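In: A predicted structure for the sequence below; I have some questions about it.
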Amino acid sequence: MTINSEAYTNGAVKAREATEKTVDTWKQGVKQFTDQTDLVSRFSKIDLIEPVTRYFDYLQQAVDLNREFATRWAELFTALSGSVREQAEKVSGIVADQVDSVADLAVTPVKKAEELAGEQAAMAEEAAKEQERQIKRAERAAAKQAREAAREPYEGLTKAELSDQLAERGLPKTGNVDELIERLVSADSE
């Protein structure tokens with residue numbers, strides 16, 4: 001079984017990219033919203049509390065830090081007038097700063113998850129390699145044991161007896177005792 005480290009890494013990269021796209025879209029929406037403060041001030045009353053609340057429910061963890069502040073900001077927009085407008089513009093700058101902070105908070109865990117996925121993939125790949133090495137060692141040990149078992153019937157024979165058995169099989173009779181035994185074992189395995 002082969003572990004594909006690229007699959008882990010690609011999954012983590014896609015998650016990070018999706019998070020970054022979501023954060024960028026959110027930042028653009030907030031910027032467009034704050035750029036239109038003049039348009040908002042022309043309307044007699046706009047209730048932004050409900051849309052802000054729904055949006056911040058979606059980003060629960062990051063928004064818990066900013067919910068009260070954003071709700072107050074939305075209430076300010078419903079009652080915009082003269083001097084309040086100046087304060088609302090200041091609040092827009094603060095919200096833009098908060099957007100950057102929330103973006104960083106959202107992207108950082110994804111990057112850490114990507115790194116962790118890479119590390120886990122590397123560990124899994126190393127474990128698979130180690131398992132392959134153990135299998136090869138076991139195969140070599142089994143082959144050695146089988147070779148020794150195949151040699152066992154010939155171990156006590158003399159060179160003359162080994163030569164006779166080779167002659168019966170039509171095999172060469174030259175060499176030392178170990179070579180003769182090996183030739184007989186090879187013939188047995190064929």
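Out: Structure's in. What do you need? Numbers count the residues shown, from 1 in each chain.
In: By mean pLDDT, point me to the weakest helix or strand of the protein.
Out: Across the helices and strands of the chain, the lowest-confidence element by mean pLDDT, DSSP states H and E is helix 37-42, at a mean of 58.
In: which helices and strands does the longest helix seen in the chain pack with?
Out: Scanning the chain for the helix with the most residues, using DSSP state H, yields helix 82-151. When contacts are defined as 3 or more C-beta pairs under 8 Å, 6 or more residues apart in numbering; DSSP states H and E, helix 82-151 sits against helix 5-35, helix 37-42, helix 60-63, helix 67-78, helix 177-189. (Glycine included, C-beta is placed from N, CA and C.)
In: could these go into CSV alongside distance to Leu157?
Out: Putting the helices and strands packed on helix 82-151 into CSV (distance: least, C-beta to C-beta, whole Å) gives the following:
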stretch, distance to Leu157
helix 5-35, 55
helix 37-42, 104
helix 60-63, 80
helix 67-78, 92
helix 177-189, 8
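In: Arrange these in CSV, one row each, with distance to Gln98 and mean neighbour count as further columns.
Out: Shown next, in CSV, are these (distance: least, C-beta to C-beta, whole Å; neighbours: other C-beta atoms under 10 Å):
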stretch, distance to Gln98, mean neighbour count
helix 5-35, 9, 15
helix 37-42, 17, 12
helix 60-63, 9, 14
helix 67-78, 7, 16
helix 177-189, 77, 15
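In: Between these, which one is closest to Met123.
Out: Judged by C-beta to C-beta, the one of those that comes nearest to Met123 is helix 5-35, at 9.5 Å.
In: ok, back up a step: what angle sits between the very next helix or strand once past the least confident helix or strand of the chain and helix 5-35?
Out: For helix 37-42, the following helix or strand on the C-terminal side (DSSP states H and E) is helix 49-58. Orientation check (axes from the mean of the first three to the mean of the last three C-alpha atoms, to 10 degrees): helix 49-58 against helix 5-35 gives 160 degrees.
In: With just CA atoms, put stretch 10-25 into PDB.
Out: Only the C-alpha atoms of stretch 10-25 are listed here, as PDB (Å, rounded to 0.1, in the frame of the first residue of the first chain):
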ATOM      1  CA  ASN A  10      -3.000  19.200  -2.100                       C
ATOM      2  CA  GLY A  11      -6.000  18.900   0.200                       C
ATOM      3  CA  ALA A  12      -4.400  21.300   2.700                       C
ATOM      4  CA  VAL A  13      -3.400  23.800  -0.100                       C
ATOM      5  CA  LYS A  14      -7.000  23.800  -1.400                       C
ATOM      6  CA  ALA A  15      -8.400  24.400   2.000                       C
ATOM      7  CA  ARG A  16      -6.000  27.300   2.600                       C
ATOM      8  CA  GLU A  17      -6.900  28.800  -0.900                       C
ATOM      9  CA  ALA A  18     -10.600  28.500  -0.200                       C
ATOM     10  CA  THR A  19     -10.200  30.300   3.100                       C
ATOM     11  CA  GLU A  20      -8.100  33.100   1.600                       C
ATOM     12  CA  LYS A  21     -10.800  33.600  -1.200                       C
ATOM     13  CA  THR A  22     -13.600  33.800   1.400                       C
ATOM     14  CA  VAL A  23     -11.600  36.300   3.500                       C
ATOM     15  CA  ASP A  24     -10.800  38.400   0.400                       C
ATOM     16  CA  THR A  25     -14.500  38.400  -0.600                       C
END
